[in-house]
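> what shape does this take:
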Amino acid sequence: MLPQVKNPKAVFHIHGVTKFYQVGEVEVRALNGVDLDLFEGEFAVLLGPSGSGKSTLLNILGGLDVPTAGEVFYFDHNLSRYDDKELTRFRREHVGFVFQFYNLIPSLTALENVALVAEIAENPMEPAEALNLVDLGDRLHHFPAQLSGGEQQRIAIARAIVKRPDVLLCDEPTGALDITTGIRVLEALQQVNEQLGTTTAVITHNAAIASMADRVIRISSGRIIDLQQNLTKASPKDLSW
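Residues are numbered from 1 along each chain as shown. Here you go, the predicted structure:
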């Protein structure tokens, strides 16, 4: 269920969002008239098959892409009218990203990878604090090659949250992992959501993950086809796939 807050605010309000891509002479419709609110502090899973439009939607929410039509509001700020400079500032100040691939710098330790973001953030937490939050306090001085895939993904989560973003957007964060390491990553995301109150959106094609969410948003062929609220949330350790 949604976080226990009276009248939770919509962090994102999107209305009529459509996205077309031109591929040669073919027009590809990635999103088609999407309406959606994401609320403060919630953990939402956006579920759909490959090519359904969920990554495009996440990129638009995070200011990495812009809609062809429709409006995207972050609180009362209309991102649809932002120029590139304003979108860059929005991403830097408000959004953390976690992708399927970790994109760590191999010559830097876990602590140094996270510190890179902390150094340019306005009000960061200590890099070690971010790593402790994802249960990697004993891996601060390890290099990526010395860590498992799940541990590297948790470093990527620490890197995303060290700047204290309002929103954490995750694109298939367990897609390259086995179930054991995938569950550890989901536990880390859950801790961030619960302890920091960070609004968290996870896109995935893995239906098993849906049961740990506050809300499940199902996407198919560029449209939202179902919204489901979980009255009881599963623990990541109880998931299987």
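> what's the end-to-end length of stretch 104-112?
Counting by Cα to Cα, to the nearest Å, you get 10 Å between the two ends of stretch 104-112.
> which parts of that stretch are buried?
Buried residues in stretch 104-112, defined by neighbour count with 16 or more other Cβ atoms under 10 Å: 104, 109-111. Every C-beta, even on glycine, is put in place using the N, C-alpha and C of the backbone.
> now these in TSV, with distance to L87 and pLDDT?
Below are those laid out as TSV (distance: Cβ to Cβ, whole Å; pLDDT from 0 to 100):
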residue	distance to L87	pLDDT
L104	25	98
T109	31	99
A110	29	99
L111	30	99
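> who's the residue nearest the centre of the chain bridged to?
Centroid check for the chain by Cα atoms, centre = their mean gives L169 as the closest residue, at 1.5 Å. Beta bridges link L169 to F97, A201 when assigned by DSSP bridges.
> now do the helices in the chain.
Remark: helices assigned in the chain by DSSP state H are 54-61, 84-94, 110-118, 127-133, 149-161, 179-196.
> mind showing which ranges of this protein have poor pLDDT?
1-7 (pLDDT under 70).
> ok, the residue nearest to I225 when sequence neighbours are not counted - contacts?
Of all residues not flanking I225 in the chain, R218 sits nearest, at 5.2 Å (Cβ to Cβ, 6 or more residues apart in numbering). By Cβ atoms under 8 Å, 6 or more residues apart in numbering, R218 lies in contact with 47-48, 224-228.
> buried ones among the residues you listed?
Applying 16+ other Cβ under 10 Å to these flags 47-48, 224 as buried.
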